[in-house]
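Colleague: Provide a 3D model corresponding to the input given below.
(2 chains)
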Amino acid sequence: MAAGKEIRTKIKSVENTRKITKAMEMVAASKMRKAQERMKAARPYAEKIANVAVHMAYAHPEYKHPFVVRREQTKRVGLVVVTSDKGLCGGLNTNALRVVLSKIKEWEGQGVGIDVTAIGNKGLGFMQRMGGNVVSQLTALGDAPHMERLIGPVKVMLDAYVEGRIDALYVVYNRFVNTMKQEPTLKQLLPLEQAAGSEEEKLKHHWDYIYEPDAKPVVDALLTRYIESIVYQAVVENIACEQSARMVAMKAASDNAKNVIGELKLLYNKTRQAAITKELSEIVAGAAAV
Amino acid sequence: MAMTLHVDIVSAETSLFSGTAEFISVPGEMGELGIYPRHTPLLTKLKPGSVRIKRPDVAEEELIFVSGGVLEVQPHVVTILSDSAIRGQDLDEAAALEAKRAAEDAMKDKSAAMDLAKAQAELAEAVAQIAAIQKLRKKV
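Modeller: Down below sits the predicted model:
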């Protein structure tokens, strides 16, 4: 009964696959919880720094930072692509990279050049295959990314902006909506969107900070941190997305494996029974012939 | 009751302190700053050091270490945006160069990192093709 044995080995192998996907599902579930907590922990900083940035926009410092000045012409843009380091997380990276691709096509159509900062292995590989101009990169972030690791790659872009090599900066990442839903998002970092406020509100805020020692270094430091915090938030959110997407994908894989096992078992029993029936009928036929 | 101000100390990764205080002392870049309620709005950079917080009804002052950052003072709210690491112009510069170098190396040395990414992509493609073929076969 050769066919029966083959089916049995197949069942075994699918069962092993299922064990792996099941384990990955559970690991992703526990990592997801931690990633979500980290996402929440990063929120106060982002909110506070956004508040300060808004206050500063209302106050009238004598010094206008290049980050808030809108340029008339966009000749070259920077793009920070945040993806996961590992695969097996459903369509997460594909969705984000599709957004990147369509945006790149649009820019290329307008004759706008593109510089890329790749955060995460998948985006890096994609950009290299595409022949994109990767100016800085960061991979192997792990599950708990540290702010200080982002400083370098982001600074490359900020320097390029200040020196006028790029005229706008965007970030692409997956926004965490809920466990089942992640949304690839494109966000403009530079020039900074001025908070839209009414004139009344502006008048109410008619005061300025005392800057110590001077407006320029303080505003510089603050806005640099502001951009970094947005990128950090994007990275943390992307990790939460990655884990939940992986959990969902692995759950689907485990369920599929279960179905396949069911089908194979049915097939196995059918062939076994067919073989027995055949043998019986042969014996009966043999007996009848005698 | 003495007047109080609200103090928030946050770093990018977590919130370090949030509560009311009668007085706080912070390590400003130009020197130690003592802040009482109704301080005039102020924005400054911090250098690494500890923040002393005198909370109402608590005799002992609370000490929190910050590795630099930005301080925002408003009459009744003080916000300290702490850095999660010690930074400086040179350190930032070095980090930027490092990230740049990694990208350039990867561009030049396409044999190592590139091959892996490429091989992974090709493998994914091959797996997808096999899956498609199998589906077709099932249908026939």
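Colleague: and the residue in the stretch 151-290 of chain A positioned nearest to chain B, what element?
Modeller: Closest to chain B within the stretch 151-290 of chain A is residue A:152: 3.1 Å, counting by CB to the nearest CB. Just so you know, the C-beta spots here come from the backbone N, C-alpha and C atoms, and that holds for glycine as well. Take DSSP states H and E as the rule and residue A:152 turns out to sit in helix A:147-162.
Colleague: Repeat that for residue B:33.
Modeller: Using DSSP H and E, residue B:33 falls in strand B:31-35.
Colleague: what does that strand contact?
Modeller: Contacts with strand B:31-35, where a contact means CB atoms under 8 Å, 6 or more residues apart in numbering or on different chains, come from B:5, B:23-27, B:44, B:71, B:73, B:78.
Colleague: In JSON lines, list those residues along with distance to chain A, secondary structure and pLDDT.
Modeller: Formatted as JSON lines, those follow (distance: CB to the nearest CB, whole Å; DSSP: H, G, I helix; E, B strand; the rest coil; pLDDT from 0 to 100):
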{"residue": "B:5", "distance to chain A": "15", "secondary structure": "strand", "pLDDT": "91"}
{"residue": "B:23", "distance to chain A": "19", "secondary structure": "strand", "pLDDT": "90"}
{"residue": "B:24", "distance to chain A": "16", "secondary structure": "strand", "pLDDT": "91"}
{"residue": "B:25", "distance to chain A": "15", "secondary structure": "strand", "pLDDT": "92"}
{"residue": "B:26", "distance to chain A": "11", "secondary structure": "strand", "pLDDT": "91"}
{"residue": "B:27", "distance to chain A": "12", "secondary structure": "strand", "pLDDT": "89"}
{"residue": "B:44", "distance to chain A": "4", "secondary structure": "strand", "pLDDT": "90"}
{"residue": "B:71", "distance to chain A": "9", "secondary structure": "strand", "pLDDT": "91"}
{"residue": "B:73", "distance to chain A": "8", "secondary structure": "strand", "pLDDT": "91"}
{"residue": "B:78", "distance to chain A": "11", "secondary structure": "strand", "pLDDT": "91"}
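Colleague: Show me where the chain dips below the pLDDT cut-off.
Modeller: No chain was given, so I picked chain A. The model of chain A has pLDDT under 70 over residues A:1-2, A:60-62, A:194-207.
Colleague: was after chain B, sorry
Modeller: Along chain B, the model assigns pLDDT under 70 to residues B:1, B:85-91, B:106-118, B:140.
Colleague: If we use 90, what do you get?
Modeller: For chain B, the stretches flagged by pLDDT under 90 are B:1-4, B:10-19, B:27-33, B:38-43, B:45-52, B:54-70, B:74-77, B:81-140.
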